[in-house]
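Student: Sequence plus the predicted model coming up.
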Amino acid sequence: MTDVVIRAHDVHKHFRIPSAKRSTVREHFFGIFTPRRFERLDVLAGVSFEIERGETVAIIGRNGCGKSTLLKILAGIYLPNAGSVDVRAGVTPILELGLNFNPQLNARENVYLTGTAMGLTIAKLEAELGQILAFAELERFADLELKHFSSGMCSRLAYAVAFRAVRDVLLLDEIFAVGDAGFTRRCEDRYRELNDAGHTIVLVSHSEATVSDFCKRAILIEQGVIVADGPAKDVSMIYEELLAKSR
């Protein structure tokens, strides 16, 4: 008997985008008297799949195909306009990280702020603070306010915290595209630890090597629909052929 932890059935998602851009004060003022028009952007058009406990699955496709939107629906950040998603386990989304950071607080304080928001206890954060800062290579900057950090330093700190707050299901969006080679290696090692521990992992990536190395299965999305679902290496080849035809 299979142990399905994620089930998506006929998922549709669209967004409303303004058809006319208002960029000046004059346009905004006179626009008050003119109803704003919107265009519908269809992103997902009937996506269905199941993921079993312990699977490592990549979601791949070209920019704008809907893969990151799908990940956010699985995380509960977006709601589908139609269809359903059933996630039967705790989820840790490692997506747009650092959004909860306070630039007026230092790195140490932001670890506590973000970590507790992700469900970690103060006791656990105190016990693992050194490891978190070391993972991000920020031990020297523990007492520096984040407003003085580079975007890369903030990203490393956010990933270091998130990798400590892992629940049963881990959702990753381009995790291996952040930081230098050393940081990427630490992320890869942590990924493998979580994989070996039996976590279910769903990964969005543009890298064929990442998909083949870190996932057993891949789902290829094109224009909002699934066009291939199977072994990661096979689906990656289909994706490469699709890209080659469009060049």
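Tutor: On my side now, so go ahead. Residues are numbered from 1 along each chain as shown.
Student: mind checking how far stretch 87-101 is from the chain centre?
Tutor: Here stretch 87-101 is found 7 Å from its chain centre; the criterion is Cα atoms, centre = their mean, to the nearest Å.
Student: Not counting that stretch itself, show me its contacts.
Tutor: Stretch 87-101 is contacted from outside by 4-7, 53, 68, 71-72, 74-77, 110, 113-114, 117-118, 146, 154-155, 157-159, 162-163, 165-173, 175, 200, using Cβ atoms under 8 Å, 6 or more residues apart in numbering. Yep, even glycine has a C-beta here, placed from its N, CA and C like the rest.
Student: first vs last residue of that stretch, how far apart are they?
Tutor: End-to-end distance for stretch 87-101, by Cα to Cα, to the nearest Å: 27 Å.
Student: model confidence over that stretch, on average?
Tutor: In this model, stretch 87-101 has a mean pLDDT of 79.
Student: quick one: the helices in the protein?
Tutor: Taking DSSP state H as the test, the helices found in the chain are 25-31, 67-75, 107-117, 122-135, 151-162, 181-196, 208-214, 232-246.
Student: For these, which has the smallest mean pLDDT value?
Tutor: Across the helices of the chain, helix 25-31 gives the lowest mean pLDDT, at a mean of 56.
Student: May I see the helices of the chain arranged in JSON lines, with mean neighbour count and distance to residue 12 as well?
Tutor: What follows is the helices of the chain, written out as JSON lines (neighbours: other Cβ atoms under 10 Å; distance: least, Cβ to Cβ, whole Å):
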{"stretch": "helix 25-31", "mean neighbour count": "10", "distance to residue 12": "30"}
{"stretch": "helix 67-75", "mean neighbour count": "22", "distance to residue 12": "10"}
{"stretch": "helix 107-117", "mean neighbour count": "19", "distance to residue 12": "30"}
{"stretch": "helix 122-135", "mean neighbour count": "15", "distance to residue 12": "39"}
{"stretch": "helix 151-162", "mean neighbour count": "21", "distance to residue 12": "29"}
{"stretch": "helix 181-196", "mean neighbour count": "15", "distance to residue 12": "31"}
{"stretch": "helix 208-214", "mean neighbour count": "19", "distance to residue 12": "25"}
{"stretch": "helix 232-246", "mean neighbour count": "15", "distance to residue 12": "22"}
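Student: Sounds good, over and out.
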